[in-house]
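K.L.:
Okay, structure incoming, though there's no sequence with it:
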């Protein structure tokens with residue numbers, strides 16, 4: 001069975017979801033932005049777009065990039081330059097400045113972290129290039145640094161995860177496996193979850209940087225440091241999957257000896273739910289490339305857009321079936 005998040009259900013009812021989209025061209029190993037579009041460099045009615053993706057740290061990010069690539073195409077009127085920042089802010093800042101030099105019509109990006117963007121955002125504003133923020137947010141002193149933002153309500157995701165823990169495991173001793181420190185997803189999921197379960201129930205925290213390998217390493221250390229821990233909240237599926245490896249290597253049973261709650265809802269994560277190794281997964285839907293496309297077209301045309309658009313998410317428990325997993329797009 002699929003369980004709709006109470007918090008996101010309410011948000012979806014009150015906020016109109018845009019129709020946006022994205023697609024990637026290619027990126028060199030140094031993180032430089034490159035373009036493979038044949039649309040004519042923004043001429044002939046096409047919109048010249050620079051998009052900076054923060055990296056490829058997880059299955060969620062891969063699915064998001066694929067959705068971008070399937071939507072921001074020459075056929076859809078987009079001349080796209082795509083850059084993979086490889087999870088480095090300096091690479092993203094360079095890409096954004098390259099977009100300015102290229103004279104793109106619209107810039108879209110998913111920021112690695114929230115702070116440190118003031119200078120480059122002011123440069124973009126001075127160049128009068130509209131910005132569409134995707135997935136993650138920024139904390140900046142620049143006035144009106146972007147036209148619109150589209151993504152998930154990370155704090156609501158943390159609240160949804162916390163509500164399930166409070167209802168099903170009220171006495172849990174929780175270890176929190178955080179995402180990239182300083183990112184919007186990490187900050188907001190932590191805020192929502194911690195406020196819901198209460199700080200007294202959290203025995204420890206560590207960052208797994210949203211990757212499976214670092215999630216495994218952090219969990220190995222946590223099993224030694226917090227032997228009474230019996231519930232894991234991982235800020236994404238990939239870190240939770242890495243944690244499973246560490247738990248099993250320690251002779252414990254994931255999903256039983258240690259309850260596992262995660263965020264994302266990628267195919268591998270939901271398979272772990274079917275296999276009873278995860279206990280609860282809050283979705284963070286990565287497939288909204290068509291919504292980004294629509295937003296870019298509206299921004300370029302000068303249409304008014306809402307400041308914030310929330311992508312609708314669901315939540316899943318162990319009643320999910322193999323058929324549900326097989327039907328997933330990501």
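P.N.:
The structure has been received and is ready for your questions. No experiment lies behind these values; they were computed from the predicted model shown.
K.L.:
Every contact and neighbour count from this point should use C-alpha atoms.
P.N.:
OK.
K.L.:
Tell me which residues touch residue 112, please.
P.N.:
54, 87-89, 136, 183 (CA atoms under 8 Å, 6 or more residues apart in numbering).
K.L.:
Looking at these, which are in helices?
P.N.:
Among the contacts of residue 112, the ones falling in helices (DSSP state H) are residue 89.
K.L.:
Tell me the one of the contacts of residue 112 nearest residue 172?
P.N.:
Nearest to residue 172, judged by CA to CA, of those is residue 183 at 26.4 Å.
K.L.:
picking that back up, farthest-separated two in the contacts of residue 112?
P.N.:
88 and 136 (14.4 Å).
K.L.:
Who has more neighbours out of these two?
P.N.:
residue 136 (22 against 15; other CA atoms under 10 Å).
K.L.:
Now do the same for the more buried one: its pLDDT.
P.N.:
As predicted, residue 136 sits at a pLDDT of 90.
K.L.:
Was I right to think it contacts residue 111?
P.N.:
Yes - judged on CA atoms under 8 Å, residue 136 makes contact with residue 111 at a distance of 5.8 Å.
K.L.:
Please identify every residue contacting each of these two.
P.N.:
In contact with both residue 136 and residue 111: residue 183, using CA under 8 Å, 6+ apart.
K.L.:
can you give me the helices in the stretch 101-250 of the chain?
P.N.:
118-126, 154-168, 184-197, 212-225, 237-249 (DSSP state H, counting those that start in this stretch).
K.L.:
What are the contacting residues of the second one?
P.N.:
Spelled out, that is helix 154-168. With CA under 8 Å, 6+ apart, helix 154-168 has contacts from 5-8, 172, 184-185, 188-197, 261-263, 280-284.
K.L.:
buried set for it?
P.N.:
For helix 154-168, burial by neighbour count (16 or more other CA atoms under 10 Å) applies to 154-165.
K.L.:
Check the fourth one too.
P.N.:
The neighbour-count criterion (16+ other CA under 10 Å) identifies 212-220, 222-223 as the buried residues of helix 212-225.
K.L.:
Those into CSV, with extra columns for pLDDT and distance to residue 201?
P.N.:
Below are the buried residues of helix 212-225 laid out as CSV (pLDDT from 0 to 100; distance: CA to CA, whole Å):
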residue, pLDDT, distance to residue 201
212, 97, 25
213, 97, 26
214, 98, 24
215, 98, 21
216, 98, 22
217, 98, 22
218, 98, 19
219, 98, 18
220, 98, 20
222, 98, 15
223, 98, 16
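K.L.:
follow-up on the earlier one: closest one of the contacts of residue 112 to residue 249?
P.N.:
Nearest member of the contacts of residue 112 to residue 249, counting by CA to CA, is residue 87, at 28.9 Å.
K.L.:
Tell me, how many residues neighbour that closest one?
P.N.:
19.
K.L.:
Please tell me the pLDDT value assigned to it.
P.N.:
Residue-level confidence at residue 87 comes out at 92, pLDDT.
K.L.:
Quick check: the gap between residue 72 and residue 108.
P.N.:
11 Å (CA to CA, to the nearest Å).
K.L.:
same thing with residue 284?
P.N.:
From residue 284 over to residue 108 (counting by CA to CA), the distance is 19 Å.
K.L.:
can you give me phi and psi for the nearest residue to residue 151 once chain neighbours are set aside?
P.N.:
With CA to CA, 6 or more residues apart in numbering as the criterion, residue 151 has its nearest non-adjacent residue at 4.2 Å, and that residue is residue 135. As for residue 135, its main-chain torsions (degrees, to the nearest 10) stand at phi 70, psi -60.
K.L.:
can you count the residues close to residue 135?
P.N.:
24.
K.L.:
Tell me who's in contact with it.
P.N.:
Per CA under 8 Å, 6+ apart, neighbours of residue 135: 110, 149-152.
K.L.:
same deal with residue 192?
P.N.:
154-159, 162.
K.L.:
Including pLDDT and neighbour count, could the contacts of residue 135 go into TSV?
P.N.:
Output for the contacts of residue 135, formatted as TSV (pLDDT from 0 to 100; neighbours: other CA atoms under 10 Å):
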residue	pLDDT	neighbour count
110	96	23
149	96	26
150	95	26
151	93	22
152	92	22
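K.L.:
Between residue 72 and residue 108, which has more neighbouring residues?
P.N.:
residue 72 (31 against 23).
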